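Undergrad: Here's my sequence, what's the structure:
(one chain, ligands or ions: 1)
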Amino acid sequence: MSIVTAKEMLIEAAENKYAVGAFNITDLVQMEAVFEAAVDKKAPLIIQTSVTPSKFLRRDVLVAIYKTLAESAPIPVALHLDHCTDVEYCKRCADFGYTNIMIDASKQPFEENIRQTKEVVDYCHSLGGASVEGELGTVSGVEDQVKVAEDEAALANPEQSVEFVERTGVDLFAPAIGTAHGVYKTKNPKVDFERLGAINQLLNNQWLKTPLVVHGGTGLSDEYIKRLIEMGGAKFNVSTELKHTLIDTTYDYISANREKYDPGKIDIAVKDAIRQVVGRWIDTLGSAGKA
Ligand code: 13P
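TA: Here you go, the predicted model:
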């Protein structure tokens, strides 16, 4: 077992110009599939849940399953709480064993975002072992309870990014750069690669201390992903693609086997499909063999 903080894992990735996949799961079958794919590829891994699954699966049950799988997985792994807008809930998840917490106060005014993010950072750091991700600017689309309309999305300002990171002490920083949650409407979405590069330069030019996070992984082309890694992207969040894989595979299986009542077979089909998706991501991110 090697449960590490996401920060340690991502500094290593950014220094060596690859990135780590952070995969959002909503059930045990998906969690197992993601683990299996990462172990198969010998890749470091971040498992994520947003807030709703952490409630309906129960965060204590989820953490227990995660720890059991992590114990037998010979790769570095972290468990991340994604896009939590509630400071107290962030703290409780850290208490329960999430190793990385994202406080998403990005819809708040700048000073309030700093205040809430710093409160979570101070708490998690006092526990030892838990790192924190903060966001500046807003990522459009829907991710669980966080919804941002396209015309409301605002990109992160590079100078403000430095101020945000310095005043909050966040371990990982997610600047909005034009990527979006959900399915992109065009093949070439407008992503501000240079902005990510400028932020990385300002934050990490002396030594690598604040790895950068790219939200909205689903639908990004391999070319975009490689450019984003070049610019400093170290953690790539992937959620929608896994949800679609789960639902489409289940639908296809049931459509082809309407007379069979064997739920285990659906799980096997879903697991295979998710393993393939995650394996492809790991190859594209360059994290295969880095565990
Ligand atoms: P996608 O749903 O577009 O893959 O984005 C995931 C994400 O950024 C979760 O934080």
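Undergrad: Next, count neighbours for residue 26.
TA: 19 (other C-beta atoms under 10 Å). All C-beta atoms are positioned from the backbone trio N, CA, C, and that covers glycine.
Undergrad: Surely it touches residue 49?
TA: Yes: assessed by C-beta atoms under 8 Å, residue 26 is found in contact with residue 49 at 7.3 Å.
Undergrad: that's a helix at residue 102, yeah?
TA: No: counting by DSSP: H, G, I helix; E, B strand; the rest coil, residue 102 is not found in a helix; it is strand.
Undergrad: residues in contact with the closest residue to it other than its chain neighbours?
TA: Spatial nearest neighbour of residue 102, excluding adjacent residues (C-beta to C-beta, 6 or more residues apart in numbering): residue 133 at 4.1 Å. Counting by C-beta atoms under 8 Å, 6 or more residues apart in numbering, residue 133 makes contact with 6, 80, 100, 101, 102, 103, 170, 171, 172, 173, 174, 213.
Undergrad: same check, this time on residue 77
TA: Contacts of residue 77 by C-beta under 8 Å, 6+ apart are 2, 3, 4, 35, 38, 44, 45, 46, 47, 70.
Undergrad: Going by neighbour count, which residues of the helix or strand harbouring residue 36 are buried?
TA: Counting by DSSP states H and E, the element that carries residue 36 is helix 28-41. Across helix 28-41, burial judged by 16 or more other C-beta atoms under 10 Å covers 29, 30, 31, 32, 33, 34, 35, 36, 37, 38, 39, 41.
Undergrad: ok, so of the residues you listed, who is nearest residue 226?
TA: residue 41 (17.6 Å; C-beta to C-beta).
Undergrad: Check the contacts of residue 133 one by one and keep those near the ligand.
TA: By C-beta under 6 Å from any ligand atom, no member of these lies near the ligand.
Undergrad: Buried ones among those?
TA: Among these, those buried by neighbour count (16+ other C-beta under 10 Å) are 6, 80, 100, 101, 102, 103, 170, 171, 172, 173, 174, 213.
Undergrad: Report whether the expected contact of the first one with residue 101 is present.
TA: No: contact criterion C-beta under 8 Å: residue 6 and residue 101 do not qualify, at 9.6 Å.
Undergrad: which neighbours do those two share?
TA: The contact sets of residue 6 and residue 101 overlap at 80, 131, 133 (C-beta under 8 Å, 6+ apart).
Undergrad: Tell me which entries of these lie within strands.
TA: 80, 131, 133 (DSSP state E).
Undergrad: Where does residue 191 sit: helix, strand or coil?
TA: Once three-state DSSP is applied, residue 191 turns out coil.
Undergrad: what's the closest non-adjacent residue to it?
TA: residue 178 (4.4 Å).
Undergrad: how about the lengthiest helix in the chain: buried residues?
TA: Counting residues, the longest helix found in the chain (DSSP state H) is helix 263-285. Within helix 263-285, the residues that qualify as buried are 266-267, 269-271, 273-275, 277-279, 281-282, 284-285, counting by 16+ other C-beta under 10 Å.
Undergrad: Between those, which sits nearest the ligand?
TA: Lowest distance from the ligand to those (C-beta to the nearest ligand atom) belongs to residue 281, with 10.1 Å.
Undergrad: What's the per-residue pLDDT of the spatially closest residue to the closest one that is not a sequence neighbour here?
TA: Closest residue in space to residue 281, ignoring its immediate chain neighbours: residue 21 at 4.7 Å, by C-beta to C-beta, 6+ apart. Residue 21 carries a pLDDT score of 98 in this model.
Undergrad: One more: residue 1?
TA: 52.
Undergrad: coming back round to it: nearest to residue 226, of the buried residues of helix 263-285?
TA: Minimum distance to residue 226 across the buried residues of helix 263-285 is 7.8 Å, recorded for residue 284 (C-beta to C-beta).
Undergrad: check contacts around the closest one.
TA: So residue 284 contacts 222, 225, 226 (C-beta under 8 Å, 6+ apart).
Undergrad: list residues touching both of residue 26 and residue 49?
TA: Both residue 26 and residue 49 are contacted by residue 57, under the criterion C-beta under 8 Å, 6+ apart.
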